[in-house]
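1. Would you be able to build a 3D model of this:
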Amino acid sequence: MLKILPSLLLVNSLLISQSLSSSLTQRGGEHNALFLNPTYLIQAKIIKEKINGNILNSSIIIDNKSLNFIKELNSADNNQEISKLLKKNIGKQLSLSVNNFSSLYQIKENIAYSLGVAYTLDGYFITHSGFGSKRALETAIEKNQAVVGTAVLKHKQLEYGINLKLINRSQTIYNYSIAEMLTQESLWDYIDNSHTQKESAVALDFGISYNLPRNSWNTKLSLALLNVGDTSFQELGTTEQSTTLGLSLDPHNTHIKIDYFDNSLRADISKSFFNKSIELHSGVIHNALSLGLNYNFSIFTIGLFSYKTEGYHQKEERKNELSLVTKW
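-> Presented below is the predicted three-dimensional model:
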């Protein structure tokens, strides 16, 4: 029967019908900010000149009902138990998202560059009665793997940046019968099987930022074109070009970041306490309140965030995200 829970520790990431930028920046703020605008790399608050690394920059997003469904599915070992579980959760949208972006980067006074590997994985599962075209379990799973190169040049008050992304995408959309569910050995059997389509593409992002002169709040304005000229896959659709507008400022040791991205306003206000070991976040994403907390200890940062995002069938839902970052 299914051995799903151990698999959760191994999954790297996932997202349905959205770009890498959407996948890796869902909670806004400075999280993987270069995917919103490549110039944000040179604005990172790190030690200059040294080569820095994000060995691990991962997060998992799962709600209580989805976690309970996975736990019960893991223990079900016959037709009757699976039928009972499906009936209990009938019509619910169950989801799991995990992502990671590991990179090496260097930031100097007038230049910055980064080379990283991104993984995003999003999965959605909707239970049905088992009869009709939707059968017992409707699944939609998308995985993106990408090598991402970023370069930023600063000249006076202006910063210019580019992302080059080589993307491998796989997508599995299939409705399973109860009999087929009994044959699945692990979560990976749903992610990668004979119904999975795989394609590759190249994507480009361009960004520019302007640092307002003679201002005490370090105010910056930014503009980015993401997926320039559209990022096209033959069978797996197209990620359309989009425009991102940004504003950041630091009044009274408080960092404020506002981005208009994917036709949605994302605002984040953060402030550090206790010698920067605790960082609190609050803001707005998809017209709903977002809250977050980061705890910094040595090279580790543990974060917990709650926010609303757009999921399968464009349905908005609140997500709780647990993240772990290790830097050197």
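2. can you map out the helices along the chain?
-> 4-8, 20-24, 64-75, 79-88, 178-182, 188-191 (DSSP state H).
3. Indicate which one of those helices is closest to Ser95.
-> helix 64-75 (5.6 Å; C-beta to C-beta). Yep, even glycine has a C-beta here, placed from its N, CA and C like the rest.
4. quick one: low-confidence ranges for this structure?
-> Applying pLDDT under 70 to the chain flags the ranges 1-18, 45-48, 311-314.
5. From the chain's centroid, how far away is stretch 276-283?
-> 19 Å (C-alpha atoms, centre = their mean, to the nearest Å).
6. Export it to CSV, keeping only CA atoms.
-> Extracted in CSV, the C-alpha atoms of stretch 276-283 (Å, rounded to 0.1, in the frame of the first residue of the first chain):
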residue,chain,number,x,y,z
LYS,A,276,18.2,40.1,14.5
SER,A,277,17.5,36.6,15.8
ILE,A,278,13.7,37.1,15.4
GLU,A,279,12.1,38.6,12.4
LEU,A,280,8.4,39.3,12.2
HIS,A,281,6.4,39.8,9.0
SER,A,282,3.0,41.1,8.2
GLY,A,283,1.4,42.1,4.9
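7. May I see the buried residues of that stretch?
-> Residues 279, 281, 283 are the ones in stretch 276-283 that count as buried (16 or more other C-beta atoms under 10 Å).
8. Show me what the second one is bridged to.
-> Each beta-bridge partner of His281 is listed here, defined by DSSP bridges: Ser270, Gly292.
9. Could I get the contacting residues of it?
-> 29, 268-270, 290-294, 305 (C-beta atoms under 8 Å, 6 or more residues apart in numbering).
10. hmm, 7 Å instead?
-> 29, 268, 270, 291-293 (C-beta atoms under 7 Å, 6 or more residues apart in numbering).
11. Among these, which one has the most neighbours?
-> Gly29 (26 neighbours; other C-beta atoms under 10 Å).
12. give me phi/psi at that residue?
-> phi 60, psi -150 (degrees, to the nearest 10).
13. Now for it: which residues touch it?
-> Contacts of Gly29 (C-beta under 7 Å, 6+ apart): 257, 268, 270, 281.
14. picking up where we left off before, take the helices of the chain and lay them out in CSV including mean neighbour count.
-> As requested, these are exported to CSV (neighbours: other C-beta atoms under 10 Å):
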stretch, mean neighbour count
helix 4-8, 16
helix 20-24, 26
helix 64-75, 16
helix 79-88, 15
helix 178-182, 16
helix 188-191, 18
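15. Can you say which of the ones you listed is nearest to Phe35?
-> helix 20-24 (4.3 Å).
16. Other residues contacting that closest one?
-> With contact meaning C-beta under 7 Å, 6+ apart, helix 20-24 is reached by 13, 15, 32, 35-36, 99, 101, 118, 120, 144, 146, 165, 167, 226, 262.
17. Number of residues surrounding Glu185?
-> Using other C-beta under 10 Å, Glu185 is surrounded by 11 other residues.
18. now swap in Gly149 and tell me
-> Considering only other C-beta under 10 Å, Gly149 is surrounded by 15 other residues.
19. what bridges to it?
-> Residues in beta-bridge contact with Gly149 (DSSP bridges): Leu115, Leu164.
20. Would you mind measuring from it to Tyr295?
-> Distance of Gly149 to Tyr295, computed by C-beta to C-beta, to the nearest Å: 31 Å.
21. now swap in Gln145 and tell me
-> Taken as C-beta to C-beta, the span from Gln145 to Tyr295 is 29 Å.
22. between these two, which one's more packed in?
-> Gln145 (19 against 13).
23. if you skip the residues just before and after it, what's nearest to the more buried one?
-> Spatial nearest neighbour of Gln145, chain neighbours left out: Asn168 (4.6 Å); criterion: C-beta to C-beta, 6 or more residues apart in numbering.
24. right, and that neighbour touches Ser200 too?
-> Yes: counting by C-beta atoms under 7 Å, Ser200 is a contact partner of Asn168 at 5.1 Å.
25. if we can go back for a sec, closest one to Gly207 among the helices of the chain?
-> Here helix 20-24 is closest among the helices of the chain (C-beta to C-beta), at 11.3 Å.
26. Restrict the closest one to CA atoms and write it as PDB.
-> Extracted in PDB, the C-alpha atoms of helix 20-24 (Å, rounded to 0.1, in the frame of the first residue of the first chain):
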ATOM      1  CA  LEU A  20       8.800  29.500 -11.300                       C
ATOM      2  CA  SER A  21       8.400  33.100 -10.100                       C
ATOM      3  CA  SER A  22       4.900  32.300  -8.700                       C
ATOM      4  CA  SER A  23       6.100  29.000  -7.200                       C
ATOM      5  CA  LEU A  24       9.100  30.400  -5.400                       C
END
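27. circling back to that earlier point, including distance to Ser232, could the contacts of His281 go into a markdown table?
-> As requested, those are exported to a markdown table (distance: C-beta to C-beta, whole Å):
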| residue | distance to Ser232 |
| --- | --- |
| Gly29 | 30 |
| Asp268 | 32 |
| Ser270 | 36 |
| Leu291 | 37 |
| Gly292 | 35 |
| Leu293 | 39 |
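28. so which of these comes closest to Leu236?
-> Comparing the contacts of His281 against Leu236 with C-beta to C-beta places Gly29 closest, at 29.3 Å.
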